[in-house]
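Q: One predicted model, sequence on top.
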Amino acid sequence: NAGVTQTPKFRILKIGQSMTLQCTQDMNHNYMYWYRQDPGMGLKLIYYSVGAGITDKGEVPNGYNVSRSTTEDFPLRLELAAPSQTSVYFCASSYERGATDTQYFGPGTRLTVL
Amino acid sequence: EDQVTQSPEALRLQEGESSSLNCSYTVSGLRGLFWYRQDPGKGPEFLFTLYSAGEEKEKERLKATLTKKESFLHITAPKPEDSATYLCAVASTDSWGKLQFGAGTQVVVTP
């Protein structure tokens, strides 16, 4: 099993550009999450999904969109990139209820918006 | 509102010098407390889950304990390969499916 994979690893965007961060898991997990991590701060939840076709907002959803058409994939879309979105983005997944089940993380995407 | 505070922010240890990291939390009801290890440029790696006060878990040189207000991660006789940032997170009964993370403790172990 590859676990949780993310692409790209690094990306530089100009203000106003858009991009999609890809996340795929091969563990047949129902629950998937997107977090951002800023220096000196804890991970902040952006969006999460409890299964294909079902998504919900986390703590910091503004400026982002998600979709979940399959169990395996959970892409994160950035529209009109802003410098405040410069961060490291992590995708995670868990098998059952996220509140009590272990979340497994991908390697991250480092995004810079200039 | 759920809160998680980790201390210290950074810790520098000599190889073999045991120490403890603290994670203080405020939640309406605790579903679980998680410890993760994060190496530079990588995603968090799961270490432990604790569910109730008094519970303890061990893995190699690491031991996690839980009380009603805080958790400790004890590092016994650390080695340089234990250098990492250690993250604490809580899941509460009011925030289904969501983890509240602390800012982490960066540990450096020198030979």
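A: Alright, I've got the coordinates. Numbers count the residues shown, from 1 in each chain, chains lettered A, B, ... in the order given.

Q: The most centrally placed residue in chain A sits in which helix or strand?
A: The centre of chain A sits closest to A:Trp34, judged by Cα atoms, centre = their mean, with a distance of 2.8 Å. Element membership for A:Trp34, per DSSP states H and E: strand A:31-37.

Q: Over to B:Val90?
A: Counting by DSSP H and E, B:Val90 is part of strand B:84-92.

Q: so how far is that strand from its chain's centroid?
A: Centroid separation for strand B:84-92 versus its chain: 5 Å, with Cα atoms, centre = their mean, to the nearest Å.

Q: that older thread, I would like the residues contacting whichever helix or strand comes after the strand holding A:Trp34, please.
A: Counting by DSSP H and E, the next helix or strand C-terminal to strand A:31-37 is strand A:44-51. Contact partners of strand A:44-51, identified using Cβ atoms under 8 Å, 6 or more residues apart in numbering or on different chains, comprise A:30-38, A:55-61, A:64, A:66, A:68, A:71, A:74, A:76, A:89, A:98, B:97-99, B:101. The way it works is simple: take the backbone N, C-alpha and C, and place the C-beta from them, glycine included.

Q: close to chain A, is the strand holding B:Val90?
A: Yes - legend: contact between strand B:84-92 and chain A by Cβ under 8 Å from any Cβ of the partner chain is shown at B:Leu87, B:Ala89, B:Ala91, B:Ser92.

Q: quick check, nearest of those to chain A?
A: B:Ala91 (4.0 Å; Cβ to the nearest Cβ).
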